[in-house]
Structure formats: C-alpha cells, structure tokens
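In: With the input below, show me the fold.
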Amino acid sequence: MKKHLLLVSILSITLINAQKSNDEIIREFEQQKVANNKQFDAYVAKVYGKYSNASTQKEIDSLRSRLAGFNFGVPYFLQEQDTRQLQNSNSDLLNTSGNITGLTGSFNGEGIKFTVFDGGRIYEAHSAFSNAIGRITNKEDSSQDYSAHSTGVGSFIGGRDTPLYNSSNTLVGNARGVAINSTMDSYMFDTTVLPGNTASSNVFQKIALAQPNISNHSYGVNSGWTETYDANGTLTSYVYKGYKSGSTFYDYQGTYNTNDYNYDLLVYNNPSYIVVKSSGNYFNMGPGTNSTVPKYYSSANGNVLFTANDALPPKNCSQGYDCIGTGSLAKNIIVVGATDIITTNNFRYTNASDVVHSSYSSAGPRDDGGIKPDISTVGTNVYYAATTAAGSNSWAGGSGTSFSAPVVTGIIGLWTQINKQLFNNALLNASSAKVLTIHSASEAGNVGPDPWFGWGFINAKKGAELLVGKSNNTVIFTDETLTSGVKNSKTVKASGSEPLKVTISWLDPKYTPNYQFVSDVYNNRISKLVNDIDLRIIDTTNNTVYYPWKLNANSPLTPATKADNTVDNVEQVVIDAPVAGRNYRIEVTNKGTLVNDSNAAAPQNYSIMVTGYSQQVLGTVDVSKDGGIIIAPTMTKDFVKVLKAPKKSTFNVYDLSGKKLQSGSINSDEESINLASYTKGIYIVEVKTGTNVISKKVIKE
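Out: Below you'll find the predicted structure:
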C-alpha cells in the first residue's frame with residue numbers, strides 16, 4: 001500500500017556455534033533457487049501455455065525474478081511495501097551534540113555503512129545524497145532500473161537535510177534522514193546477475209555475498225488478500241493468496257515458512273548481521289461484502305474466480321491480528337510496524353496513547369504466538385526522495401511500513417556509531433541490537449508486547465543513554481554463553497527508583513518447516529523455537545518468582561500476561577515496584593538440550609541487559625570448601641592462577657562495580673589469568689565449574 005500525497009521539487013563479540021560457512025549457505029540457496037525455477041516452469045506451462053508473445057514473456061521474466069517460493073504448488077512473490085519521524089523517535093537528539101550526557105560530539109552515521117535490498121537501484125545522483133561524494137554504491141548492473149521506492153528507502157536512512165515546499169512556496173516538511181553522513185550499498189531483491197558473475201543470485205545469496213552489518217529490507221510477501229490496479233489507479237481485482245482445499249480456504253498469514261528459515265539460517269551463522277524488515281501493508285485488505293470487483297483465489301493452475309457458492313475468506317486481520325506474511329516472521333531479524341505521526345508536544349512522545357497504529361500496517365503475531373512485529377515507528381504521511389529515471393530529482397509523500405523500517409535501520413546505525421566510540425570501535429551484533437531496541441522502547445498499545453506495535457515505539461535517545469550506562473557501569477549489557485543444563489545467574493540490588501527490568505535475546509537455529517498438509521500452514525501453533533531459553537527473576541527475601549511477558553496465540557489482542565514463554569527468542573521480565581535495597585537473583589536456564597544449526601549439542605550465546613539496580617552483588621565463596629579449587633595468589637602484579645578446576649570450566653574477572661573485564665575457558669589443571677594491564681585495585685575472579693560458582697577477591701598491586 002502506498003498513499004501518494006503530493007509531489008514537490010526538492011560490543012561486538014564474535015559468537016560461537018556458527019556451523020555453516022557463507023559458501024555452504026549460498027549453495028543451499030542455489031539448490032532452493034533451482035528447485036523453485038523448475039516448479040515455476042511447470043506453473044508457467046499450465047498458466048501461460050507453451051507459447052507466449054514478447055509482452056507475456058516479459059511478465060513471466062518479471063515474476064520469475066521476484067519468485068519467493070511455493071506453497072503446495074502456488075507461487076508467491078516478493079513485492080515492495082510502502083522532520084517529524086526523527087522527532088517522534090528522538091533520533092534527531094543524537095544528530096546534534098549535547099543532548100545525551102556522557103557522549104562526545106554528534107552522531108550522523110559517520111563511518112557507518114548500510115546495505116539496502118529493494119526493488120531497484122538507488123538513484124545515487126539524487127540531491128538527497130549530494131552532501132558528500134560516493135554515499136551510494138550500486139552493486140547491480142547499470143542496466144537495471146532506478147527505483148523511486150529504493151531511493152526513498154535510502155533517503156529515510158540517510159537523506160540530507162532538505163526543506164520541502166509546495167507550489168505556493170509554503171514549507172510542508174523536511175525529508176531529512178536519520179544518518180545523513182552514512183554510506184549505502186544498494187542491491188535489488190530480484191534474482192539478477194551481479195556484475196562480474198555469470199550465474200544469477202537471489203536475494204538470500206546476495207545477502208550472504210554482501211555480508212552486511214546492518215541491512216534494510218522494505219519488501220515482503222502478502223499471504224492473504226491482495227489488490228490489483230490498472231495504469232489509471234483503478235482497482236481491477238482482488239486475489240486471495242491462500243489455498244482452497246475442498247470447500248475450505250487456508251491462509252498463510254502468520255505462517256513461518258522457507259523465507260523465514262532462510263533469514264534465520266543467515267543470521268545464526270553470521271551473528272554480526274542485523275537484518276531490519278518491514279512487517280507489510282496488508283491490514284484490512286480485501287473485498288467488502290457488496291464489492292462488484294472480480295475476486296480470485298490462487299491455485300497451482302493460476303488464479304481461479306470465486307463462485308457464487310464460495311464463502312469469501314475474511315479481510316486480512318479481520319479480527320485485528322494475524323496478517324504478516326512469510327519472510328517477516330523470522331526469529332533472528334527485527335520486524336517493524338508503522339504508526340501515524342505524533343503531532344502533539346512538538347512531535348515528541350509523551351505516553352503510550354500518543355502512538356496510533358497505522359490502518360494498513362500488518363499485525364502479528366506469528367501463528368505460534370511469537371511476537372511480531374518487534375518494534376514500531378512512524379511510517380504514515382512522510383516525505384522521501386523519489387525518482388524513476390536518471391536526471392530526476394523529485395520528492396514525494398507517502399505511507400507504508402517500507403518507510404518505518406529504514407528509520408529503525410538508521411537508528412541502529414547511530415547506536416552502532418555510539419557503541420564504536422564508547423567501546424573501542426566494537427560493533428553491535430544481531431542479538432545485542434535486538435535487546436537494545438526492545439529494552440529501550442517506549443510503551444505503545446497494551447502494556448507489554450502486542451501484535452500491533454511489538455515491544456513498543458522506538459526511542460533512539462533512550463537506547464543511546466543505555467549504551468552510556470553500560471560504559472559507566474550503571475547498566476548491565478553483555479553477551480554471555482549458556483551451557484545446556486547449567487544455570488547462569490547474577491544477583492543485583494534493586495535501586496527502587498525505577499522498575500527492575502531484564503531483557504535477553506538469542507540467535508535461534510532455523511526451524512525447518514515440514515508441512516505435510518495444507519491445513520498444517522493455517523494457524524499452526526507448534527513453537528518455532530529450537531532452543532528454549534528461560535529468564536526468571538527471584539526475590540531472594542521471599543523467593544517470589546517473576547516471569548517474562550507472553551502473548552496468547554488464540555487471543556493476541558488480549559493484554560500480554562507473565563508466564564513461561566516457549567515461543568519467543570526474546571524474553572523480558574519486569575518488576576514494576578521492586579523493594580529498594582533488596583537483592584534479586586536473575587537466572588537464565590534452558591529446557592531440553594541446547595543445539596546448534598546442525599542439531600548437534602552446543603552452548604547457546606545470548607545478549608542480556610539489566611536496568612533498575614544500584615549494584616551487582618558478587619559472591620565471595622571460600623575456595624577451600626569447593627572441591628580443592630584454588631585461586632591464587634590473592635595479591636599480584638600480573639598473573640593469578642586457577643588450580644585444580646575441572647577442564648571446560650570457565651572464568652570471569654570483574655571490577656568491584658560488577659563490570660566484567662575478562663572471560664575465558666579453563667583447559668588445564670593450572671590456568672593463568674593475566675591482570676597486568678589493569679590499574680591497581682581489588683578485582684574478583686569467578687570460576688564456574690558446571691556445578692558450582694566460586695569467586696575470590698584479588699588485589700592488583
């Protein structure tokens with residue numbers, strides 16, 4: 001859906017357990033592509049016949065290039081999904097210095113490269129990118145078309161400051177992007193032959209080749225009712241993208257399928273990839289009961305006209321939820337929904353009621369109840385750079401989740417830039433980016449997560465403040481590893497001045513869909529999690545256990561409850577009113593056996609953030625009582641030794657504030673830990689054996 005309004009002139013840590021190389025992943029995608037093309041050839045023969053004229057062949061070639069896969073013989077195709085945005089999200093406060101205590105300078109994307117996958121090439125000569133040379137690099141062949149949609153997406157990420165005027169010379173807005181000094185690589189999501197190659201590459205192969213840190217994907221699959229229009233913009237037909245089996249229609253909305261598998265496969269094996277994707281613009285799409293426009297449904301033999309005896313399927317999200325298509329339901333990516341512009345309080349968020357769901361923005365959850373979208377921001381009635389040919393320098397206004405997703409992409413880029421400044425040039429990885437996005441989000445809709453806004457409305461300023469908090473040890477934000485069957489725990493003392501809030505996220509191995517019957521794809525409630533990690537907070541005074549948020553898959557608009565969550569690879573526990581000064585224990589455990597992407601037993605990495613505490617409480621167990629393990633000497637200028645610890649134990653070194661300074665594995669009976677680079681003071685060496693946690697204070701001279 002695109003609503004044209006006017007046209008005017010104007011901490012990175014490399015996570016373990018990645019089991020497949022990019023070459024192996026590209027080969028798997030090649031096998032998928034070959035199988036899809038073979039099935040598409042059979043589909044074309046049925047629908048178009050053996051012979052076709054030039055016009056028909058052009059249509060077939062276009063469909064083939066955007067082929068996303070098949071559901072029981074029915075093809076589905078990728079399609080595009082279509083400054084107040086900056087003020088609403090508070091990202092403008094990062095663009096100028098002095099707005100975030102603890103940060104030096106302004107942040108406009110310097111040194112950050114985004115990768116954009118879209119429906120055509122970004123027009124690199126557009127004035128939106130003229131503030132520096134070489135901001136846009138097109139990776140597709142120069143014969144491929146420029147795209148207004150792609151150029152617009154690029155301008156939301158990083159178009160320069162551009163006031164826009166109408167024909168009466170009245171200022172109507174500003175098309176400034178989030179990260180105006182960033183650079184971008186531009187790819188098409190179509191299957192094309194990249195320069196220097198002889199074979200074609202589909203979008204997943206391109207992602208693997210590009211190896212992006214932060215990429216934007218403002219396209220998707222409509223799995224329900226779609227609308228077709230003629231050249232004059234007149235609605236000519238409705239097509240239902242579900243499947244008819246007997247007299248029953250089954251839709252694929254909310255169905256985790258092959259495209260989701262592919263995104264999860266890519267990110268799990270490349271933990272530095274941060275994939276941001278639009279949720280879709282399909283809410284309420286479909287015919288009214290009295291519509292005279294022709295209505296079709298898809299089949300393996302092409303589109304079939306509904307008969308008078310057929311009961312029409314309901315409009316998309318007819319109950320207010322469940323109209324996100326395949327590809328935007330993956331676990332390891334960040335999916336973005338759209339909201340209307342906040343027009344009050346000088347375009348600043350003040351409370352949850354400020355955030356209004358855009359009427360077209362597709363709602364979740366995934367059919368198993370997994371929370372999608374993950375986050376939301378403004379996408380309605382916004383301005384962007386638009387062009388369809390070289391030499392064009394136009395601007396337009398429109399609406400769509402295509403335009404909210406790149407705002408989130410740009411903000412994650414600014415957070416990455418801040419992270420690099422604060423932490424020795426370290427990048428954010430995919431799980432830490434999701435934790436930061438969700439933990440910093442402002443409340444929207446129901447309290448807790450919901451199927452319209454996900455975890456809330458993005459807040460760039462809060463995310464930056466949390467990064468500063470990590471740097472000054474007032475926020476715990478780390479990457480950790482969970483060993484199957486071994487509890488990870490930490491104890492904190494609640495500040496009492498704000499909620500005690502803990503968020504974790506992990507990159508889950510891909511789930512392999514195995515739908516044997518058409519009915520399997522409709523509201524399939526089987527969890528798509530492979531590794532089910534559990535987060536709990538325990539009040540150490542009265543042993544009260546606090547649980548994470550969870551949606552009801554059968555009634556997702558009902559406010560989320562707090563219970564055991566078996567479907568999300570994000571868990572968040574919040575204690576709204578903790579007792580000041582009381583100790584609370586944070587526990588991370590797992591169900592079953594943790595496995596990697598090859599289904600072999602392996603530890604699972606996760607990111608964790610904790611706020612609302614005054615200090616981390618570290619144990620000081622007397623090592624003489626713990627199996628003879630020795631941590632010595634207790635006073636040193638350089639090395640401390642761990643003696644007689646079981647092999648495969650792990651160690652951590654903390655300062656007295658609780659900040660983790662070092663970690664590693666113990667592989668011998670005598671393991672040396674180097675403290676030589678640390679300043680003089682008291683440190684804590686912690687050893688985890690798998691059955692116990694032992695710690696000791698050490699004085700560094």
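
In: What segments of the stretch 51-200 of the chain are strands?
Out: 67-71, 74-77, 79-80, 113-118, 136-138, 163-165, 171-174, 183-188 (DSSP state E, counting those that start in this stretch).

In: ok, and for the fourth one, which residues are buried?
Out: Think strand 113-118. Phe114, Thr115, Val116, Phe117, Asp118 (16 or more other C-beta atoms under 10 Å). Using the backbone N, CA and C atoms, a C-beta is placed for each residue, glycine as well.

In: you'd agree the first one is up against Tyr187?
Out: No. Counting by C-beta atoms under 8 Å, Phe114 does not reach Tyr187; the two are 11.3 Å apart.

In: re the thing from before, could you tell me the least trusted of the strands of the stretch 51-200 of the chain?
Out: Mean pLDDT values for the strands of the stretch 51-200 of the chain show the minimum at strand 79-80, a mean of 64.

In: rewinding a little: with distance to Lys501 added, can I get the buried residues of strand 113-118 in TSV?
Out: Below are these laid out as TSV (distance: C-beta to C-beta, whole Å):
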residue	distance to Lys501
Phe114	29
Thr115	32
Val116	33
Phe117	34
Asp118	36
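
In: Can you list the low-confidence ranges for the stretch 151-300 of the chain?
Out: Counting by pLDDT under 70, the stretch 151-300 of the chain contains low-confidence ranges at 165-168, 171-173, 289-290.

In: try 90 this time
Out: Counting by pLDDT under 90, the stretch 151-300 of the chain contains low-confidence ranges at 161-176, 228-235, 242-251, 288-292, 299-300.

In: and if you look at the stretch 551-700 of the chain?
Out: In the stretch 551-700 of the chain (pLDDT under 90), the answer is 616-638, 643-649, 652-661, 665, 667-671, 676-700.

In: switch to 80 and redo it
Out: For the stretch 551-700 of the chain, the stretches flagged by pLDDT under 80 are 618-628, 655-659, 681, 690-695, 697.

In: Helices of that one, start to end?
Out: With DSSP state H, counting those that start in this stretch as the definition, the stretch 551-700 of the chain shows no helices.

In: Can you show me the strands along it?
Out: Secondary structure of the stretch 551-700 of the chain by DSSP E, counting those that start in this stretch: the strands cover 561-562, 570-575, 583-590, 604-611, 613-617, 630-632, 635-636, 639-643, 649-655, 660-666, 670-674, 681-688, 693-700.

In: Need the winner for burial among those.
Out: Across the strands of the stretch 551-700 of the chain, averaging neighbours per residue (mean count of other C-beta atoms under 10 Å) puts strand 604-611 on top, at a mean of 24.

In: So for the chain, which residue is the most central one in space?
Out: The chain has Ile334 as the residue nearest its centroid, 1.2 Å off, counting by C-alpha atoms, centre = their mean.

In: Backbone dihedrals for it, please?
Out: Main-chain dihedrals, Ile334, degrees, to the nearest 10: phi -110, psi 110.

In: and Gly628, how many neighbours?
Out: 10 (other C-beta atoms under 10 Å).

In: if I pick it, what's in contact with it?
Out: Lys644 (C-beta atoms under 8 Å, 6 or more residues apart in numbering).

In: swap the cut-off to 10 Å and go again
Out: Shown in contact with Gly628 (C-beta atoms under 10 Å, 6 or more residues apart in numbering): Leu643, Lys644, Ala645.

In: Identify the single longest helix in the protein, thanks.
Out: helix 22-48 (DSSP state H).

In: In terms of secondary structure, what does that helix contact?
Out: Counting contacts by 3 or more C-beta pairs under 10 Å, 6 or more residues apart in numbering; DSSP states H and E, helix 22-48 packs against helix 54-65, strand 67-71, strand 74-77, helix 203-210, helix 258-269, strand 302-305.
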